[in-house]
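Novice: I'll drop the sequence and a predicted model, then ask my questions.
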Amino acid sequence: MILARKPSDQTITRFIESQSRLPFSYPETGATRTQPPSGFAVDHHRIMLGSGHEIYERATAALQQWKQFDLGWVSVVPSGLPIEVGTTVAVLAQTFGLWTLNACRIVYLVGEVGEVKRFGFAYGTLPDHVEQGEERFTIEWRQEDDSVWYDILAFSRPRHPLAKLMRPIVRQLQKNFARDSLARMRQGLNPERAGDQ
């Protein structure tokens, strides 16, 4: 949904309700678990957040609170929804004087233990999203060197005619989101490193 002004809470609620029972807008649901499908642009970004159990716990708590979307120009609405399979949210973004609401639903959760401990989730696009695809957000704690990482893996292609027409700009916005999300997670856990990019 593309809007000329910021949507009201009622508009957001109606939008999410209208999308919550619809199927995903792409057939390859869950593909960020293994291999992204062909025919999509693939983006993979990661950043080291620090080391140790405390950083891992703080990072997973931040992910559970959708902090990776607290970017000023992007947010998840409504805030505070649980990270559970089936949770439907909207990504609200303001770019070039326009507002967009893009519907997504959590496809699966990540909870792995072993040499690399992982927590996270992936969400997929619903019919009223300018793109088609899936995005996975994970926190990893690597036992071999005690390092903690924030990782984003996404595959996407344009669905809305405007997204197809403005593909280079959309791709840049996707890169901007990844850059800002990585920085938000790193700075949120390590305020003293805010300028160290």
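Specialist: Nice, thanks for sending it over.

Novice: all contacts plus neighbour counts: C-alpha atoms, from now on.
Specialist: Noted.

Novice: just the strands in the protein please.
Specialist: Listed in chain order, the strands of the chain (DSSP state E) span 2-3, 41-51, 74-77, 88-95, 98-112, 116-125, 131-142, 147-158.

Novice: between those strands, which one is closest to Glu28.
Specialist: strand 131-142 (8.1 Å; C-alpha to C-alpha).

Novice: ok, the closest one: who's next to it in the sheet?
Specialist: Here strand 131-142 is paired, per DSSP bridges, with strand 116-125 (antiparallel), strand 147-158 (antiparallel).

Novice: about what we covered before: let me know which of the strands of the chain is the nearest to Leu189.
Specialist: Between the strands of the chain, strand 41-51 lies closest to Leu189; by C-alpha to C-alpha that is 7.2 Å.

Novice: let me see the mean pLDDT of the closest one.
Specialist: Strand 41-51 comes out with an average pLDDT of 96.

Novice: list the contacts of it.
Specialist: Strand 41-51 has contacts (C-alpha atoms under 8 Å, 6 or more residues apart in numbering) with 36, 55, 141, 146-157, 178, 182, 185-186, 189-190.

Novice: do the same with stretch 80-97
Specialist: Against stretch 80-97 from outside (C-alpha under 8 Å, 6+ apart): 4, 12, 16, 19-20, 64-66, 73-78, 99-109, 121.

Novice: flag every buried residue along it.
Specialist: Going by neighbour count (16 or more other C-alpha atoms under 10 Å), the buried part of stretch 80-97 is 83, 88-94.

Novice: CA-only coordinates of it in PDB, if you can.
Specialist: C-alpha atoms of stretch 80-97 as PDB (Å, rounded to 0.1, in the frame of the first residue of the first chain):
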ATOM      1  CA  GLY A  80       5.300  -5.500  20.400                       C
ATOM      2  CA  LEU A  81       3.800  -8.400  18.500                       C
ATOM      3  CA  PRO A  82       5.300 -11.800  19.500                       C
ATOM      4  CA  ILE A  83       7.900 -13.600  17.300                       C
ATOM      5  CA  GLU A  84       5.700 -16.600  16.500                       C
ATOM      6  CA  VAL A  85       5.000 -18.500  13.300                       C
ATOM      7  CA  GLY A  86       1.900 -16.900  11.800                       C
ATOM      8  CA  THR A  87       2.300 -13.400  13.300                       C
ATOM      9  CA  THR A  88       1.400 -10.800  10.600                       C
ATOM     10  CA  VAL A  89       2.900  -7.400  10.700                       C
ATOM     11  CA  ALA A  90       3.300  -4.400   8.400                       C
ATOM     12  CA  VAL A  91       6.600  -2.800   7.600                       C
ATOM     13  CA  LEU A  92       6.000   1.000   7.500                       C
ATOM     14  CA  ALA A  93       8.500   3.100   5.600                       C
ATOM     15  CA  GLN A  94       8.800   6.700   4.500                       C
ATOM     16  CA  THR A  95      10.800   7.400   1.400                       C
ATOM     17  CA  PHE A  96      10.700  10.300  -1.100                       C
ATOM     18  CA  GLY A  97       7.800  11.900   0.700                       C
END
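
Novice: looking at the protein, which helix is longest?
Specialist: Among the segments of the chain that qualify as a helix by DSSP state H, the longest is helix 167-189.
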